[in-house]
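Peer 1: Predicted model and sequence follow; I will ask about them next.
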Amino acid sequence: MTGLDVFNPVSSELNQVETDLLASIDTDLPILEEAATHLIKAGGKRLRPAFALLSAKVFRDDVSYAIPLAVSLELIHMASLVHDDVIDNSELRRGQPTVKSRWGNRLSIYTGNYVLAKSLSLVADYRRRDVIEVMADTSMSICEGEIRQMRSCYDVRQGLKEYLRRIERKTALLISVSCQLGAIISGASYEHMQALKKYGYYLGMAFQITDDILDYVADEDILGKPVGSDIRQGVITLPAIYALRCSPHGMKLAEMLSSPESCASKANEIVDLIVNSDGIDYAYYASNRFAEQALRQLNYLPEVPVKESFYRIADFISGREY
């Protein structure tokens, strides 16, 4: 099953999102236009726009009114990626050179700021204070999540609770908000909106845990970046947290993971120790539990054809390879 199959009910709207993403870059500065256009054309799964559109489609057949929201959500996500790549010194994303690698840190920061401002401009056109407040709060929380991750690098003492709080802000929140806002602008009841919001939250948690697993086990050509990238940057994710606590090599791992030099030079050895510790299996278990919690929220939604897509998306995210 491909991502396109999963999002078939809103495929035409997603095509329009792609067109509008490019059209949103309306600067007269050629270098800024080039950098922002490169970011958009690098592609992506477009999960956040798809969730917003699918959530809207639960309540209305014609969801063209939700396209600006979908574009805005993707722009927020893309702005965070540009900034991430500067912080992480990343050269590749989705197999393509990052904005940072092509234009440097300073232009990358300004490109991310421009894209973020554009996203808030788009959503402001709805003239709904509740929508703007949710988007602004979400943008702040994403920043908090990234700062938490930055401060936790090489910290082998961190536990499960801190990790979950970090990925909640880094990833799950924006997916949750995509579902929530798609429902809000469609006139959904509070009960239905809450169900979609929680569905997005739990699925977002599953998505990020799976993403962290793939950093250890994915095919590099499919993943679009080197395996072990998190380790090289000192980012300690769930498989590593499990291995630090439960592996017979826990003390050796703690010594290596707390050292920037070891993380850079011995990343492959660290990855092997973690993979052989059952940390991957534990992380898959956690991811599947979150996916199951997401599916339970669907019981509260009306019986409409598009509901099937939400079930299929959970399967897609849990079993994905990229």
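Peer 2: Looks like it arrived, so ask away.
Peer 1: I'd say S258 and C153 touch.
Peer 2: No - when contacts are counted by C-beta atoms under 8 Å, S258 is not listed as touching C153 (9.9 Å). For glycine as for every other residue, the C-beta is placed from the backbone atoms N, C-alpha and C.
Peer 1: Give the rounded mean pLDDT of the one helix or strand K197 maps to.
Peer 2: Using DSSP states H and E, K197 sits in helix 190-217. Mean pLDDT, helix 190-217: 96.
Peer 1: Check stretch 235-252 too.
Peer 2: Averaged across stretch 235-252, pLDDT comes to 96.
Peer 1: mind saving the C-alpha coords of it as CSV?
Peer 2: Below are the C-alpha coordinates for stretch 235-252, written out as CSV (Å, rounded to 0.1, in the frame of the first residue of the first chain):
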residue,chain,number,x,y,z
VAL,A,235,19.7,12.0,19.8
ILE,A,236,18.6,9.2,22.1
THR,A,237,15.4,7.7,21.0
LEU,A,238,13.2,4.8,22.3
PRO,A,239,15.3,1.8,21.0
ALA,A,240,18.4,3.3,22.7
ILE,A,241,16.5,4.1,25.9
TYR,A,242,15.5,0.5,26.1
ALA,A,243,19.0,-0.8,25.4
LEU,A,244,20.5,1.4,28.0
ARG,A,245,18.2,-0.1,30.6
CYS,A,246,17.9,-3.7,29.5
SER,A,247,20.9,-4.7,27.4
PRO,A,248,23.9,-6.5,29.0
HIS,A,249,25.9,-3.9,27.1
GLY,A,250,24.1,-1.1,28.8
MET,A,251,27.2,0.4,30.5
LYS,A,252,29.2,0.3,27.3
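Peer 1: And the contacts of that stretch?
Peer 2: 149, 152-156, 158-160, 163, 209, 212-213, 215-216, 230-231, 253-254, 257, 270, 273-280, 282-283, 286 (C-beta atoms under 8 Å, 6 or more residues apart in numbering).
Peer 1: Could I get the buried residue list for it?
Peer 2: 235-244, 247, 249-250 (16 or more other C-beta atoms under 10 Å).
Peer 1: Using CSV, lay out those residues together with secondary structure.
Peer 2: CSV is the format used below for those (DSSP: H, G, I helix; E, B strand; the rest coil):
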residue, secondary structure
V235, coil
I236, coil
T237, coil
L238, helix
P239, helix
A240, helix
I241, helix
Y242, helix
A243, helix
L244, helix
S247, coil
H249, coil
G250, helix
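Peer 1: among these, which two are most distant?
Peer 2: The most widely separated members of the buried residues of stretch 235-252, counting by C-beta to C-beta, are V235 and H249 (19.4 Å).
Peer 1: all strands in the stretch 1-150 of the chain, in order from the N-terminus.
Peer 2: In the stretch 1-150 of the chain, strands defined by DSSP state E, counting those that start in this stretch lie at 92-93, 96-97, listed in chain order.
Peer 1: Mind checking those strands for the one nearest to K57?
Peer 2: strand 92-93 (29.6 Å).
Peer 1: what residues are up against the nearest residue to F59 once chain neighbours are set aside?
Peer 2: In space, and not counting its chain neighbours, F59 is closest to S186: 4.1 Å by C-beta to C-beta, 6 or more residues apart in numbering. Applying C-beta under 8 Å, 6+ apart to S186 gives the contacts S55, A56, V58, F59, R60, V63, A66.
Peer 1: repeat that for 10 Å
Peer 2: 52, 55-60, 63, 65-66, 192-193, 196 (C-beta atoms under 10 Å, 6 or more residues apart in numbering).
Peer 1: So what does it have for phi and psi?
Peer 2: Torsion angles at S186 (phi, psi; degrees, to the nearest 10) stand at phi -100, psi 10.
Peer 1: Quick check: pLDDT value at it.
Peer 2: Here the pLDDT value assigned to S186 is 97.
Peer 1: Many thanks, we can stop here.
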